[in-house]
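Undergrad: Okay, predicted coordinates and the sequence, questions at the end:
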Amino acid sequence: MPQPSTSSEIKARYGLTPGVTGRVARAAGRARLRAVATAITLAFVALFTLPAAASRAAAAPAPAASCCSVTVNGPAVTMTASKKGATVKKTFRGSVGQQVSEVLTSPVTSDQGCETLTLLNPSGAPVDDNSACGNGNAVGVGPDTLTVPGVYTVELRLDPKATGHGKLWVSATVSLGSAGENKAAKPMNVTRVGQGVERSFTGQAGQLATEVVTGVTTSDQGCETLTLLSPNGNTVDSNSACGNGNPVGVGPDKLTVKGKYTVLLQIDTIATGTSKLWVSIPVSRGTVTVNGPAGSVNVTRVGQGVERTFHGSAGQRVTSVVNGIATSDQGCETLTILGPSGNTVDDNSACGDGNPVTAGPDRLGKTGTYTALYQVDNTATGTGKLKITT
């Protein structure tokens, strides 16, 4: 087909009216310029922003691997760091006054390296942390007393280039029931890592109470702590011991108020164990006569003081002696003389089997019934004979 050669022919060919041809050409030119400008802009954006975005992505920390929850005293949950450098998180809800521990058992890492366990409070601040190294070696945190209610977080971090996994236990103290004064010993068995156990007893104001745990066996042959708490939750006394078979005793302590006292046992956070609790107060072995025959003061129960009474007269000078001493730990013993009103007249101590302990001579202030209280180490038993002379 012949090509148009004149403007009239072009207009006729495309149906344009006079004056339109110039506008079409100008519009097409502007469209081409806009397309070129857009292409140049996109090229500059790609040139300067893509490398920066890639750099930011490379510098960003590895995300948390998990943020799931775990139940206090509930089943253990698995913590898995499947990416190098990842932080694994588990949360639990805690309340004020709870004593909680967090333990990671059976840890396995790709480099057989180290792991760190951290407890964070609801605001994200660290409460406690601990580390351990080597596959199979548990790591424990606590026990810690929670100070605010809310959602707490347990974080697990491994070596930066390692992956790994383990099982997390979150434990709080549980009650095993009551224990009677001078009654049969009660089990204090810790069957869950990180978990303290407690028993309660009703105490009277003025009582001398002693608490002893015997037959201690723990899975790590480690240490244990025994604590006596008052009815308002304050610590009355506390003591620790280490090694299987070694008892731990607290007291004797004079109770200040009547009410429910609590005996709390805690072992190493990564361990379980068994033991028996004895709660003891002094018992009477009867009377002795001044210048009369000696009376036995045998201690047959750990933590239990024994006492004998005697009648004293105002102005008398009396001397009190325990002879024939033999104790199960070859330890120390104390003899205390109490007046009719319960006040201490005199006391003295001695150590080692066969060594007598003597109080006095003491001039008695008034006529009445006096008490001689004999005590050996709170984890021991023993024998002895008391004689009162003028």
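TA: Thanks, I have the structure now. Residues are numbered from 1 along each chain as shown.

Undergrad: ok, so what distance separates the residue positioned nearest the centre of the chain from V103?
TA: Closest to where the C-alpha atoms of the chain average out (Cα atoms, centre = their mean) is P143, at 1.0 Å. Using Cβ to Cβ, to the nearest Å, one gets 11 Å for the distance from P143 to V103. Placement of C-beta: from N, CA and C, glycine included.

Undergrad: and if you look at T227?
TA: For T227 relative to V103 (Cβ to Cβ), the value is 20 Å.

Undergrad: got it, and G342?
TA: 47 Å.

Undergrad: These two: which is more packed in?
TA: Looking at G342 and V103 with other Cβ atoms under 10 Å, you find the greater number of neighbours at V103, namely 27 against 8.

Undergrad: any idea how far the more buried one lies from G142?
TA: Taking Cβ to Cβ, one finds V103 at 8 Å from G142.

Undergrad: Equivalent analysis for K186, please.
TA: For K186, the distance to G142 - Cβ to Cβ - is 25 Å.

Undergrad: which of those two has more neighbours?
TA: G142 (23 against 19).

Undergrad: so what pLDDT did that one get?
TA: You'll see G142 listed with a pLDDT of 97.

Undergrad: for the stretch 51-200 of the chain, what are the low-confidence residue spans?
TA: Along the stretch 51-200 of the chain, the model assigns pLDDT under 70 to residues 51-67.

Undergrad: For the strand or helix carrying L277, give me every contacting residue.
TA: Using DSSP states H and E, L277 sits within strand 273-280. For strand 273-280, the surrounding residues in contact (Cβ atoms under 8 Å, 6 or more residues apart in numbering) are 179-183, 185-190, 199, 201, 209-219, 224, 263, 265, 267, 301-305.

Undergrad: Show me what the helix or strand following that strand is packed against.
TA: Following strand 273-280 in sequence order, the next helix or strand is strand 283-287 (DSSP H and E). Helices and strands touching strand 283-287, by 3 or more Cβ pairs under 8 Å, 6 or more residues apart in numbering; DSSP states H and E, are strand 295-296, strand 306-312.

Undergrad: Return the most buried member of those strands.
TA: The highest average neighbour count among these, using mean count of other Cβ atoms under 10 Å, belongs to strand 306-312 at a mean of 19.

Undergrad: what does stretch 309-320 rub up against?
TA: Contacts of stretch 309-320 (Cβ under 8 Å, 6+ apart): 284, 286-290, 335, 337, 346, 358-372, 386-390.

Undergrad: Give me the buried subset of the residues you listed.
TA: 288, 290, 335, 337, 346, 359-360, 362, 364, 370-372, 386-388 (16 or more other Cβ atoms under 10 Å).

Undergrad: just these now: which is nearest P231?
TA: T371 (26.6 Å; Cβ to Cβ).

Undergrad: Give me the angle between whichever strand or helix holds the closest one and strand 283-287.
TA: Under the criterion of DSSP H and E, T371 resides in strand 368-376. On the basis of axes from the mean of the first three to the mean of the last three Cα atoms, to 10 degrees, strand 368-376 is oriented at 130 degrees to strand 283-287.

Undergrad: Strand 368-376: partners in the sheet, and parallel or antiparallel?
TA: Counting by DSSP bridges, the strands paired with strand 368-376 are strand 306-312 (antiparallel), strand 332-338 (antiparallel).

Undergrad: I'd like these laid out as JSON lines, including mean pLDDT and distance to A132.
TA: Formatted as JSON lines, the strands paired with strand 368-376 follow (pLDDT from 0 to 100; distance: least, Cβ to Cβ, whole Å):
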{"stretch": "strand 306-312", "mean pLDDT": "98", "distance to A132": "47"}
{"stretch": "strand 332-338", "mean pLDDT": "98", "distance to A132": "39"}
